[in-house]
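sharing a model that was predicted from the sequence below.
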Amino acid sequence: MKFYPNRSEIADLMKKIPLSKIQEIIFASSEKSESRRITGLLKEKQIRKIAPRLYTSNLKESSATIVKRNWYRILAHLFPQALLSHRSALEFKPTSKGHIFLTRSYPSKIKMPGLTVHFLKGFPKIEGDNPFFENLYASQEARAFLENLQETRKGSQEPKCLPVSELAERLEMIIRARGEQGLNSLRDKGREISAALGMMKEFKKLNQLISDLLATGKSKRLTSPVAIARSQGEPFDPARIKLFEGLYEELAGKVFLEYKPSASVKGYKTFAFFEGYFSNYIEGTEFTVSEAKEIVLTETPMPARDEDSHDILGTYRIVSDKKEMSICPSTPDEFLDHLRTRHAVLLKARTSKRPGEFKDKNNRAGNTEFVDWSLVNGTLKKGFDWYTLLKDSFAKAVYMMFLVSEVHPFLDGNGRIARVMMNVELSSKGLCKIMIPTVYREDYMGALRKLTRQQIADPYIRMLARAYEFSATLRQESIDEMERYLEACDAFKEPKEGKLRF
């Protein structure tokens, strides 16, 4: 015999349960008090039924929308100890058509509004499988790959397995994130669990796929462009990657001071003039301020120093272009494209230095051997991974400058392009750019050398922080005004003649 609460009992229940406290998803219960509570809420039309044993307090949105949003909570409650498996254990969400795949001791299919749950017959969770949400679990990574390499019926609208091309791309992502060692660890784990799961045939496929990706086997089976690129090899300099990781760790999670630049267009252009002037001076392209000013304002090179004049012009054209200086890379390929495009402008007149092209032979500075020319692409792309993880604008600028400088991807102009890329990070966020005046050159170069040779990042970070603070004081509107201020700061002096004062 069913028991229904009377109106006074319902009213008492409602007083105890503010509408704002009612959860969006409510599950049927065998407990009498909870069952009475749900019945009362239904009678008062504060909740509605959307599926067997499933209610909602959301009276506006569709049942499908509500179920899709709460899919993990629903599965954990209705199917405790079930295992998210196959493609769902890699995607961790329903498919675009609302299908989710789990493993338990017997097969079945359950439909709800917006969600179709496929139960596949298989082994329950084993050691290493991961808690996902409450008492819902997910296949560990190696098991998920084995499951996705099972045979599946052709023509399935929503197959339980991802296509091999996508699996290859996911494996390639693991290489980028964890290196080859991470992928080999995955392979070792797959080998270890495959016998217990009865998936030796699937492990053989996984082993071959990983071998193809690591180019340890010669196979034409790969179809994913990403996987093909990996198998063809974009090797990197492991010592540099370790160095970049160390710098990242010094910068990660820190919040640095922010400085705003002059708000006027004229102030931005004036800063850009001296930014380019000093950037070239550090590299040995030395002009007086009046000579550089004449070159920039007339856009006419000095006849006796055509290439040097073009260096001044090229640098200024980039750093004075606020739109160009607001474009940051969002992918490794964009990063390489921005480097080459800006370098082509920077060294336009020096055709012997291959403007816009990465170096085709090795370069060095003093005792420092830069990255081997054959490892440039891979090292830049691998180093870019750490850049994407940083959030603070100054931290990103500091990291970007060192990444480009340390790889030294071009035959010439590396310091200048590194400082351009650094300042893009700041300018794009409406922050003051960093200028490295002549008097600060040894501080700058010394900190770079210390990081390169001794893997000590703190002096480098502090050096750029001081240059950043100094640069924020440069708010003069005209070149003549800023020149006078810079002179007062000893900015034009050689390092042995003075120190930066401001």
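Thanks, I have it.

which stretches of this structure have low pLDDT?
Flagging of the chain using pLDDT under 70 yields the residue ranges 1-22, 155-156, 176-177, 216-220, 224-233, 235.

could you pull out the strands for it?
Secondary structure of the chain by DSSP state E: the strands cover 25-27, 48-51, 54-56, 83-84, 99-104, 108-112, 115-121, 130-133, 136-138, 364-365, 368-369.

ok, how many other residues are close to residue 462?
Using other C-beta atoms under 10 Å, residue 462 is surrounded by 12 other residues. The C-beta positions use only the backbone N, C-alpha and C, and glycine is treated the same way.

now do residue 448
By other C-beta under 10 Å, 22 other residues sit near residue 448.

do the same with the one 4 residues further on
The local packing of residue 452 (other C-beta under 10 Å) involves 19 other residues.

that one and residue 32, how far apart?
According to C-beta to C-beta, to the nearest Å, residue 452 and residue 32 sit 73 Å apart.

ok, the residue most central in space within the chain - contacts?
Nearest to the mean C-alpha position of the chain, by C-alpha atoms, centre = their mean, lies residue 388 at 3.5 Å. Contact analysis of residue 388 by C-beta atoms under 8 Å, 6 or more residues apart in numbering lists nothing.

one step back: most tightly packed of the strands of the chain?
For the strands of the chain, average neighbour numbers computed from mean count of other C-beta atoms under 10 Å are highest in strand 83-84, which has a mean of 28.

give the partner strands of that one in its sheet and their orientations.
strand 99-104 (antiparallel), strand 136-138 (parallel) (DSSP bridges).

any chance of those strands in JSON lines, plus distance to residue 305?
Shown next, in JSON lines, are the strands paired with strand 83-84 (distance: least, C-beta to C-beta, whole Å):
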{"stretch": "strand 99-104", "distance to residue 305": "69"}
{"stretch": "strand 136-138", "distance to residue 305": "66"}
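
for residue 254, grab the count of nearby residues.
Residue 254, neighbours per other C-beta under 10 Å, totals 12.

cool, and residue 182?
So residue 182, with other C-beta under 10 Å, has 13 neighbours.

that one touches residue 175, doesn't it?
Yes. Contact criterion C-beta atoms under 8 Å: residue 182 and residue 175 qualify, at 7.1 Å.

mind checking the end-to-end distance for stretch 74-87?
With C-alpha to C-alpha, to the nearest Å applied, stretch 74-87 spans 19 Å between its terminal residues.

in that stretch, what's buried?
74, 75, 76, 77, 78, 79, 82, 83, 84, 85, 86, 87 (16 or more other C-beta atoms under 10 Å).

circling back to that earlier point, include distance to residue 439 when you put the strands of the chain into CSV, please.
Listed next are those as CSV, based on distance: least, C-beta to C-beta, whole Å:
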stretch, distance to residue 439
strand 25-27, 66
strand 48-51, 72
strand 54-56, 69
strand 83-84, 61
strand 99-104, 64
strand 108-112, 71
strand 115-121, 67
strand 130-133, 57
strand 136-138, 59
strand 364-365, 21
strand 368-369, 23
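
residue 322: which of those strands is closest?
strand 364-365 (31.5 Å; C-beta to C-beta).

quick check: neighbours of the closest one in the sheet, parallel or antiparallel?
strand 368-369 (antiparallel).

residues in contact with the strand it pairs with?
Residues outside strand 368-369 that contact it (C-beta under 8 Å, 6+ apart) are 362, 449, 452, 453.

now swap in stretch 297-316 and tell me
In contact with stretch 297-316 (C-beta under 8 Å, 6+ apart) are residues 272-273, 276-277, 279-280, 285, 287, 291-292, 294-296, 345-350, 413, 416, 420.

now do stretch 60-74
Applying C-beta under 8 Å, 6+ apart, the external contacts of stretch 60-74 come out as 24-25, 50-51, 54, 56, 58, 93-94, 98, 100, 112-115, 132-134, 136.

do that again at 10 Å, thanks
23-25, 27, 48-51, 53-54, 56-58, 77, 84, 92-94, 98, 100, 112-115, 117, 132-134, 136 (C-beta atoms under 10 Å, 6 or more residues apart in numbering).

quick revisit: select only the buried ones of the contacts of strand 368-369 in PyMOL?
Of the contacts of strand 368-369, the buried ones can be selected in PyMOL as follows, counting by 16+ other C-beta under 10 Å:
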select buried, resi 449+452
